[in-house]
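[1] Here is a sequence with its predicted model. Questions after.
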Amino acid sequence: MSTQTATAGRAVPEAHRLAGLLAPSGPPRRAGALAASATFGRRAILKIKHEPSQLTDVIAIPVVFTVLFTYIFGGAIGGTPAHYLKTLLPGTLVMGITACTMYGGARLAQDVTTGVFERFRSLSVWRGALVLGGLLGDAGRYLLAAAIVVILGVIIGYRPDGGAPGVIAAVVLVVAFGLSLSWLWAATALLVRNPATVTSLGLAALLPPTFASNIFVQPRTMPGWLQAFVRVNPISHVADATRDLMNSAGGVGGAVAWSLIATAAITLVFAPLTLHLYGKLD
Amino acid sequence: MAGDSPAIEARGLVKVYGETRALDGIDLTVRRGQVFGFLGPNGAGKTTTIRILATLTRPDGGTARVLGFDVVRERNAIRARVAVTGQFASLDDDLTGYENLTVFGRLRGLSRAASKRRADELLAAFDLTGSAGRPVGGYSGGMRRRLDIAASLIVTPDLLFLDEPSTGMDPRSQSQVWELVREIAAAGTTVLLTTQYLEEADQLADQIAVIDHGQIVAEGTSSQLKAQVGSGSLHVRLLDGEQRSQAQAVLAGTLEGPVQLGADPLTLSVLLATPADATDVGRLVGHAMTRLSDAQVAVAEVTLGQPSLHEAFLALTGHPASPAATDHEDTNS
């Protein structure tokens, strides 16, 4: 009562403008799960747009490793740089994407520790939407990394025998593998809830298996125990599968099947775990 | 039917964090259309109460219904009808003001076109059109809070939670925020606001509950509480700290109301009881000053003002507010 009289007594310009905006909105609506996820995806992309420096690693890692290995080690490892590029480029495609899979998790860790997360939670929205939307943002990041590697490869002389269909299939496979790792880092993020920890865990956990794979060299000259690791390392299988798809016009070998199994297995473990951990925050 | 129930009805709310009983049996009834003020120092349990009522955390004991819906079992129904604005529920610093509003619009179930239209309308109404394209991280405190409130009005809520709406704001921004709250209430939205400032609760709230150590210690309209608190507070600053106990004795003998010693050894204050005739206040204070001079006490400064929250607490609860609030008062003065 008293507030109404107080308002009437003062001429506030904003008051008149606000009055029309506060009409009852009718029965409450609920955003669909898909629309909400897409909105969170758009939010992730907008964040990259406002701070493009986030993409430094996404761009630098594949460029540096492709150029470095092709021209410095290429002759020694593969006879000639051009010949080595056939093996290396599909490998750096895998590396370029796996190396940036933890950034989505770091972003999620940041989100759940800031006030905006409480605001998201205060809305009537399907609770997986924030995580799924983050993955959509990740997919955008991975596609960018893939485009950079492929374009750079073509510029320095790589010619995919598999043609455009082979390259597209390879990119789809690697992005799917990257997204399975996104789930792993999302679960990690919800456990540690600290963006810097997620990033450093990511670097520590991804760098060794990236080198202890067949991305750069075949394991022939490695000690036996390391060869055994390289052979079971999913990154080796994905690199082989990517080579198969990009370099051969004909059929593909078992590596593609193994990569799909690894991708599905990682996703099936970490996607439900992530959603469970996220639900517990509620 | 949900439409006839009170906006908020809470019985015996308890929330325990480790050893601390953050809420220790809160009872609360807020009628629809009311502006309800929740007054208390830092750590008293204000934010915890709001978080339970907004379904962001579950109570460890007791029950609460918001707009007729249970806060544990019918969370989505509540979430669709309330909005939360506050220190703990905030905005996306990396996104622009416009982007923040369109994102929240989509999440509130508006179509793409409707969310853009609503964002434009709100930015214009809140005088933020000029900054709409800048990231929120660069906004001033006042702009930020206006956008924060705008984001809560994308769909007109039945109930708005405002957590410390003007904390840390300059006086001009503070009065803008107060006007907004009055407007929102006038349009029919129930408002529950928390504050550390007696004046803010006085300015905005129809009904005020004072909370301390997780319990409601007093409740009433602003004038009912003021009558309990007294008409004001007399602060005296001495030239010589040696004379403080002498001054204390003189003031205790001439004025009704408890004499408090300040943290500064030169200061003391008296919470004045409300005399039957308000014009008596000046005469009573004048008399006390004369008596101090008679007793040869050297006075450096005398001020008469609204009771601080610290003093109001003393009057309402019989004990000082928690240390956190005392610190806050000290840094402000």
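    Yes, it's here. Numbering: from 1, shown residues only, chains lettered A, B, ... in the order given.
[2] In which helix or strand does residue A:164 reside?
    helix A:163-192 (DSSP states H and E).
[3] helices or strands next to the helix or strand just after that helix in the packing?
    Note on helix A:163-192: by DSSP H and E, the next helix or strand toward the C-terminus is helix A:195-211. Packing partners of helix A:195-211 (3 or more CB pairs under 8 Å, 6 or more residues apart in numbering or on different chains; DSSP states H and E): helix A:81-98, helix A:102-113, helix A:163-192. All C-beta atoms are positioned from the backbone trio N, CA, C, and that covers glycine.
[4] Out of those helices, flag the one nearest residue B:36.
    Of all those, helix A:102-113 sits nearest to residue B:36, with 30.1 Å by CB to CB.
[5] thinking again about what came up before, so which of the helices and strands packed on helix A:195-211 gets nearest residue A:148?
    helix A:81-98 (7.2 Å).
[6] dump the residue contacts of residue A:66.
    Each residue near residue A:66 by CB atoms under 8 Å, 6 or more residues apart in numbering or on different chains is listed here: A:88, A:89, A:92, A:149, A:152, A:153, A:156.
[7] Just give the number of residues close to residue B:81.
    21 (other CB atoms under 10 Å in any protein chain shown).
[8] do residue A:138 as well
    28.
[9] Just confirm it contacts residue A:179, I think it does.
    Yes - at 6.4 Å, residue A:138 counts as touching residue A:179 under the criterion of CB atoms under 8 Å.
[10] re earlier: just the buried residues of the contacts of residue A:66.
    A:88, A:89, A:92, A:149, A:152, A:153 (16 or more other CB atoms under 10 Å in any protein chain shown).
[11] Any chance of TSV for the helices and strands packed on helix A:195-211, columns mean pLDDT and distance to chain B?
    What follows is those, written out as TSV (pLDDT from 0 to 100; distance: least, CB to the nearest CB, whole Å):
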stretch	mean pLDDT	distance to chain B
helix A:81-98	91	24
helix A:102-113	92	9
helix A:163-192	96	17
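[12] Please report how far residue B:281 lies from residue B:294.
    21 Å (CB to CB, to the nearest Å).
[13] out of the two, which sits in the more crowded spot?
    Counted by other CB under 10 Å, residue B:281 and residue B:294 do not tie: residue B:281 has more neighbours, with 16 against 9.
[14] Surely the more buried one is within a helix?
    Yes - counting by DSSP: H, G, I helix; E, B strand; the rest coil, residue B:281 falls inside a helix.
[15] Can you give me the distance of it to chain A?
    24 Å (CB to the nearest CB, to the nearest Å).
[16] The residue in the stretch 101-250 of chain B that chain A sits nearest to and residue A:41: what is the separation?
    Residue nearest to chain A within the stretch 101-250 of chain B: residue B:109 (3.2 Å; CB to the nearest CB). Distance of residue B:109 to residue A:41, given as CB to CB: 17 Å.
[17] residues in contact with the most centrally placed residue in chain A?
    Closest residue to the average C-alpha location of chain A: residue A:138 at 3.5 Å, with CA atoms, centre = their mean. Residue A:138 makes contacts with A:44, A:101, A:103, A:104, A:178, A:179, A:182, as judged by CB under 8 Å, 6+ apart.
[18] Now do the same contact list for the closest residue to residue B:137 other than its chain neighbours.
    Leaving aside its sequence neighbours, residue B:137 sits nearest to residue B:93 (CB to CB, 6 or more residues apart in numbering or on different chains; 3.7 Å). Applying CB under 8 Å, 6+ apart to residue B:93 gives the contacts A:116, B:135, B:136, B:137.
[19] returning to that earlier point: could you check the angle the helix holding residue A:164 makes with helix A:195-211?
    Inter-element angle recorded for helix A:163-192 and helix A:195-211: 140 degrees (by axes from the mean of the first three to the mean of the last three CA atoms, to 10 degrees).
[20] Report all helices and strands that helix A:163-192 contacts.
    helix A:81-98, helix A:102-113, helix A:129-155, helix A:195-211, helix A:234-247, helix A:254-281.
[21] mind redoing it with 6 Å?
    Counting contacts by 3 or more CB pairs under 6 Å, 6 or more residues apart in numbering or on different chains; DSSP states H and E, helix A:163-192 packs against helix A:81-98, helix A:102-113, helix A:129-155, helix A:234-247, helix A:254-281.
[22] Dump the ones you listed to JSON lines, plus distance to residue B:105.
    Formatted as JSON lines, the helices and strands packed on helix A:163-192 follow (distance: least, CB to CB, whole Å):
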{"stretch": "helix A:81-98", "distance to residue B:105": "33"}
{"stretch": "helix A:102-113", "distance to residue B:105": "19"}
{"stretch": "helix A:129-155", "distance to residue B:105": "15"}
{"stretch": "helix A:234-247", "distance to residue B:105": "40"}
{"stretch": "helix A:254-281", "distance to residue B:105": "23"}
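[23] do you know which of the ones you listed lies nearest residue B:39?
    The nearest among the helices and strands packed on helix A:163-192, by CB to CB, is helix A:102-113 at 29.0 Å.
[24] when you scan the helix or strand just after that closest one, is anything in it near chain B?
    Per DSSP H and E, the first helix or strand lying C-terminal to helix A:102-113 is helix A:115-121. Yes - judged by CB under 6 Å from any CB of the partner chain, helix A:115-121 comes into contact with chain B through A:115, A:116, A:118, A:119, A:121.
[25] Residue B:192 should be in a strand, yeah?
    Yes - counting by three-state DSSP, residue B:192 is part of a strand.
[26] who's it bridged to?
    With DSSP bridges as the criterion, residue B:192 is bridged to residue B:36, residue B:161.
[27] Tell me the spacing between residue B:289 and residue B:233.
    Residue B:289 is 15 Å from residue B:233, by CB to CB.
[28] Next, the contact list for residue A:36, please.
    A:125, A:126, A:129, B:107 (CB atoms under 6 Å, 6 or more residues apart in numbering or on different chains).
[29] ok, now residue B:252?
    Counting by CB under 6 Å, 6+ apart, residue B:252 makes contact with residue B:259.
[30] How is chain B divided into domains?
    B:2-226, B:231-306 (automatic domain parsing).
[31] Among those, show me which one is buried the most.
    Mean neighbours per residue, mean count of other CB atoms under 10 Å in any protein chain shown, is largest over the domains of chain B for domain B:2-226, with a mean of 20.
[32] Spatially nearest residue to residue 61 (excluding sequence neighbours)?
    Answering for chain A, as no chain was given. residue A:99 (4.9 Å).
[33] looking at chain B here, not the other one
    Nearest residue to residue B:61, sequence neighbours excluded (CB to CB, 6+ apart): residue B:14, at 3.3 Å.
[34] Now do whichever residue of the stretch 101-250 of chain A sits closest to chain B, the pLDDT please.
    Closest approach between the stretch 101-250 of chain A and chain B, counting by CB to the nearest CB: residue A:115, at 3.3 Å. pLDDT recorded at residue A:115 is 84.
[35] Count the neighbours of it for me.
    Counted by other CB under 10 Å, the residues lying close to residue A:115 total 16.
[36] So it versus residue A:108, what's the distance?
    15 Å.
[37] next one: residue A:100
    14 Å.
[38] which SSE is the residue nearest to residue B:137 in?
    Of the helices and strands defined by DSSP H and E, none includes residue B:93.
[39] give me phi/psi at it?
    Residue B:93 adopts backbone torsions of phi -60, psi -30, taken as degrees, to the nearest 10.
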